[in-house]
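# Test case, fold it:
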Amino acid sequence: MTNTTAVSARGLTKRYGDNTVLDSVDFDIPTNTICGLFGRNGAGKTTLMSILTAQNFATAGDARIFGEDPYENPGVLSRICFVRESQKYPDDARPSHAFAAAKLFFPNWDDDLATRLIDEFRLPCKTRIKKLSRGQLSAVGVIIGLASRAEITFFDEPYLGLDAVARQIFYDRLLADYAEHPRTVVLSSHLIDEISDLIERVLVVDDGSIVLDEDADDLRGRAVTVIGAESAVDEFVAGREELHRERLGSVASATVLGALDVADLRRIDELNLNTAPVSLQELIVRFTQHADTTRTTPGAPSRAHAKGALR
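Coordinates of the predicted model:
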């Protein structure tokens with residue numbers, strides 16, 4: 001491991017009785033990177049972040065933050081901020097109390113940024129937190145996550161309850177402050193299209209395993225959808241890795257892996273097919289569905305084979 005790695009896991013496993021939530025997970029997240037952590041509900045994302053931030057225990061394997069075990073390690077924990085939707089506060093706590101506590105804990109805390117964000121999110125700081133709306137509660141977490149300027153910040157679905165305007169404020173302020181003060185950000189979200197322009201790395205958890213771990217730029221453009229007469233689509237996709245297919249009468253659309261070369265474009269023209277780009281969200285959704293198929297179809301390729309399809 002080198003000092004360019006902020007977060008890493010090796011063989012990370014978490015079981016609750018017979019239920020395996022994380023199954024021998026391996027990955028590295030470089031420093032000063034915005035990483036999107038994606039997966040279905042229950043895939044293991046929150047459990048993974050909880051272990052990385054020493055709020056849960058691994059059954060087996062290792063989690064490292066800047067090369068160190070985060071558990072009972074104040075020198076590491078002071079460099080981490082974990083913003084989670086289920087964060088608990090004392091009954092009489094107000095947002096101003098939460099911000100004052102964060103200022104004491106995070107050495108890079110920026111009061112001016114916090115004040116600007118409070119104004120932009122229109123957060124009533126004198127109202128008890130338990131009286132806040134869901135969106136206002138999310139704003140408290142977002143403000144702490146941004147103003148802490150921690151070296152690693154984990155956001156676990158921070159947008160819950162935020163309207164479209166507030167979510168855009170969050171994305172804009174995150175990107176602007178990241179540009180001025182680079183750090184590592186792990187952003188768990190179901191709104192993949194909304195954050196696709198922010199993220200530099202993609203990590204997808206499915207059924208407790210990492211099924212996709214790639215630089216976002218490498219991933220974009222890795223697949224294409226071809227549309228036309230089904231017989232022509234069949235002819236073009238023969239021998240290719242097909243992620244998804246839809247049919248409407250005699251017309252079919254198939255999403256396939258692989259960049260198109262000159263010969264492919266010529267063949268598409270000869271077969272009178274059309275092409276459409278695949279968004280990052282669609283690619284992740286299709287690939288996750290494809291990985292599920294390989295796990296459940298008798299005689300289908302293994303998960304490792306499915307993961308390797310995007311390599």
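
# Distance-wise, check residue 93 relative to residue 245.
Using C-beta to C-beta, to the nearest Å, we find residue 93 at a distance of 52 Å from residue 245. All C-beta spots, glycine's among them, are computed from the backbone N, C-alpha and C.

# Mind jotting down where the helices sit in the stretch 51-200 of the chain?
Secondary structure of the stretch 51-200 of the chain (DSSP state H, counting those that start in this stretch): helices at 74-77, 95-105, 111-120, 134-147, 164-180, 192-195.

# Make JSON lines from these and add mean pLDDT, mean neighbour count and distance to residue 6 to it.
Listed next are those as JSON lines, based on pLDDT from 0 to 100; neighbours: other C-beta atoms under 10 Å; distance: least, C-beta to C-beta, whole Å:
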{"stretch": "helix 74-77", "mean pLDDT": "92", "mean neighbour count": "14", "distance to residue 6": "11"}
{"stretch": "helix 95-105", "mean pLDDT": "95", "mean neighbour count": "16", "distance to residue 6": "19"}
{"stretch": "helix 111-120", "mean pLDDT": "97", "mean neighbour count": "15", "distance to residue 6": "21"}
{"stretch": "helix 134-147", "mean pLDDT": "95", "mean neighbour count": "23", "distance to residue 6": "16"}
{"stretch": "helix 164-180", "mean pLDDT": "95", "mean neighbour count": "15", "distance to residue 6": "14"}
{"stretch": "helix 192-195", "mean pLDDT": "90", "mean neighbour count": "17", "distance to residue 6": "19"}
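
# Export the ones you listed as JSON lines, with columns for distance to residue 13.
Output for those, formatted as JSON lines (distance: least, C-beta to C-beta, whole Å):
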{"stretch": "helix 74-77", "distance to residue 13": "21"}
{"stretch": "helix 95-105", "distance to residue 13": "30"}
{"stretch": "helix 111-120", "distance to residue 13": "38"}
{"stretch": "helix 134-147", "distance to residue 13": "28"}
{"stretch": "helix 164-180", "distance to residue 13": "31"}
{"stretch": "helix 192-195", "distance to residue 13": "26"}
